[in-house]
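Participant: curious how this folds, go ahead:
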Amino acid sequence: MPLVPIAKLMSAAQVGGYAVGYFESWNIESLLGVIDAAEMAESPLIIGFNGEFMSNPERIAPERLEWLGALGRTAAEHSSIPCSFIFNECPSDDWVRRAVTAGFNLVMPVPAEGESDSAYVHRTRNIVAFAHDHGVAVEAELGTLPFGTTSGGEVTDPQQAAAFIAETGVDLLAISAGNVHVLQQGRRTLDLERITALCAVSKVPLVLHGGTGIDDDSLRQAIQLGVAKVNYGTVLKQAYLRAVRTALDTHEANPHELLGMGGIPDVMVASRHAVRDAVLDKMQILGCIGRARHGR
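Facilitator: You can find the predicted model right below:
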C-alpha cells in the first residue's frame, strides 16, 4: 500500500492506546525480517535506517542514501500493512535534506556534537520548513539519553519541550525520561511522572528511543499515558548476530547453501527470521498487533 503519513499512524495509535514501533534496519535481511513480522502480526510499522551511522565520515565505504531511500520506500509500498519510513537520528543537515528528497517520509535531525540549544532550534526550524515543503514530517529530540549505561544524560523538561515544539514546528518529539541508548544488559524503569507532565503540555506525539532497555511494564504504562512511537535497534542486532554465529557453526562446505539458496543452512534466512522473531516479541509490548486489521 502507499507510504502512510506518520501523522496518520500516530493519530490512530493515540486513539487506540497503543504505540507504533520503529524497528531499525541496516541491510536487506533485517528490513525483510521487520516487514515479515509486521505482516504476520497485522501491525502498523515504521521502517528506516540510521542517519548518524550512514553519514559518519569515518565509514570505510560510503553509503548510497538514494539507493536505500528507494529500497525502503519500495518495501513499504509493496507491504500489506500501513508503513512509514524514517531517516533516523542524523546530525548532518546535508544528509537530512537529501533524505527528504530520497523517498523517506519522516526525518530526524539531532544536535551535532557541542552544538548549543539555540543553534539546534534554528537548524531544526529550517529543516522543518524544507521537509514540510516536500510533504515530509520531522521528528526532533529534546534532552539527552545516557549511552550504554544507567547514568548520565539530561532529562526532558516539560516547559522547554512545549517551547521547543512551538518554536520549531516539529511533528514528533523524542524525550529523555529514564530511557537509555544502547543498553545491552538489564532494563530501566521510566520516569512516568515526567512523561505525564510532558504529555500534558505536548501538542505532538511523543517518542521513546532506546526501547531495548525499557522495562516492559514501565513501557506499557508510558504508552497508556500517551507515548505513540518506540524505537528499537540494539535488540534486533543482538538477535541477528546470534543467528549468524549459530548458522556459521557448521561443516557445510557449499557457499551457496550458506548464502542465497534459502534453505535451513542459509545465514541470510537465519538472520531474517531472528529479526522477525525479535520484532514480534516487542510488538506484544507495544499493543499494536492486529491494529492494521482493525484500522485503529
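
Participant: in the longest helix seen in the chain, what's buried?
Facilitator: The residue-count maximum for a helix in the chain (DSSP state H) belongs to helix 267-286. In terms of neighbour count (16 or more other CB atoms under 10 Å), helix 267-286 has its buried residues at 267-276, 278-280, 282-283, 285-286. (Glycine included, C-beta is placed from N, CA and C.)

Participant: cool, stretch 250-262 as well?
Facilitator: For stretch 250-262, burial by neighbour count (16+ other CB under 10 Å) applies to 257-258.

Participant: what's the first-to-last distance across that stretch?
Facilitator: For stretch 250-262, the first and last residues are 16 Å from each other (CA to CA, to the nearest Å).

Participant: now swap in stretch 179-198 and tell me
Facilitator: Note: stretch 179-198 ends 14 Å apart using CA to CA.

Participant: tell me the mean pLDDT over that stretch?
Facilitator: If you average the pLDDT over stretch 179-198, you get 88.

Participant: go on, stretch 63-82?
Facilitator: Mean per-residue pLDDT for stretch 63-82: 97.

Participant: from the chain's centre, how far out does it sit?
Facilitator: Using CA atoms, centre = their mean, to the nearest Å, the distance from the centre of stretch 63-82 to the centre of the chain it belongs to is 15 Å.

Participant: pull the CA atoms of that stretch into PDB?
Facilitator: C-alpha atoms of stretch 63-82 as PDB (Å, rounded to 0.1, in the frame of the first residue of the first chain):
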ATOM      1  CA  GLU A  63      26.600   4.700   1.900                       C
ATOM      2  CA  ARG A  64      24.300   5.200  -1.100                       C
ATOM      3  CA  LEU A  65      21.500   7.100   0.600                       C
ATOM      4  CA  GLU A  66      19.400   7.400  -2.500                       C
ATOM      5  CA  TRP A  67      19.600   3.600  -3.100                       C
ATOM      6  CA  LEU A  68      18.400   2.900   0.500                       C
ATOM      7  CA  GLY A  69      15.700   5.500   0.200                       C
ATOM      8  CA  ALA A  70      14.400   3.800  -2.900                       C
ATOM      9  CA  LEU A  71      14.700   0.400  -1.300                       C
ATOM     10  CA  GLY A  72      12.800   1.300   1.900                       C
ATOM     11  CA  ARG A  73      10.000   3.200   0.000                       C
ATOM     12  CA  THR A  74       9.500   0.300  -2.400                       C
ATOM     13  CA  ALA A  75       9.400  -2.200   0.500                       C
ATOM     14  CA  ALA A  76       6.800  -0.100   2.300                       C
ATOM     15  CA  GLU A  77       4.700   0.300  -0.800                       C
ATOM     16  CA  HIS A  78       4.700  -3.400  -1.500                       C
ATOM     17  CA  SER A  79       3.900  -4.500   2.000                       C
ATOM     18  CA  SER A  80       0.400  -5.300   3.200                       C
ATOM     19  CA  ILE A  81       0.500  -3.200   6.300                       C
ATOM     20  CA  PRO A  82       0.400   0.600   6.900                       C
END
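
Participant: just checking, residue 236 touches residue 272?
Facilitator: No - using CB atoms under 8 Å as the test, residue 236 is too far from residue 272 to be in contact (11.2 Å).

Participant: what touches both of these two?
Facilitator: With contacts defined as CB atoms under 8 Å, 6 or more residues apart in numbering, the residues shared by residue 236 and residue 272 are 30, 33.

Participant: quick one on the thing from earlier: what packs against the helix or strand that comes right after the longest helix of the chain?
Facilitator: Sequence order places helix 291-294 as the next helix or strand after helix 267-286, per DSSP states H and E. Using 3 or more CB pairs under 8 Å, 6 or more residues apart in numbering; DSSP states H and E as the contact test, the elements touching helix 291-294 are helix 6-16.

Participant: any idea which helix or strand comes after the helix it packs on?
Facilitator: Sequence-wise, the next helix or strand downstream of helix 6-16 (DSSP H and E) is strand 20-23.

Participant: which other helices and strands contact that next one?
Facilitator: With contacts defined as 3+ CB pairs under 8 Å, 6+ apart, the packing partners of strand 20-23 are helix 6-16, strand 45-50, strand 83-90, strand 227-232, helix 267-286.

Participant: coming back round to it: what does the longest helix of the chain rub up against?
Facilitator: Helix 267-286 has contacts (CB under 8 Å, 6+ apart) with 18-21, 23, 29-30, 32-34, 36-38, 40-41, 43, 211, 216, 219-220, 223, 230, 232, 235-236, 238-240, 242-244, 246-248, 258-260, 262-263, 289.

Participant: which stretches in the stretch 51-200 of the chain count as helices?
Facilitator: For the stretch 51-200 of the chain, the helices defined by DSSP state H, counting those that start in this stretch cover 51-55, 65-77, 93-102, 117-133, 158-168, 192-201.

Participant: if anything else comes up later, I'll come back, but that's it for now.
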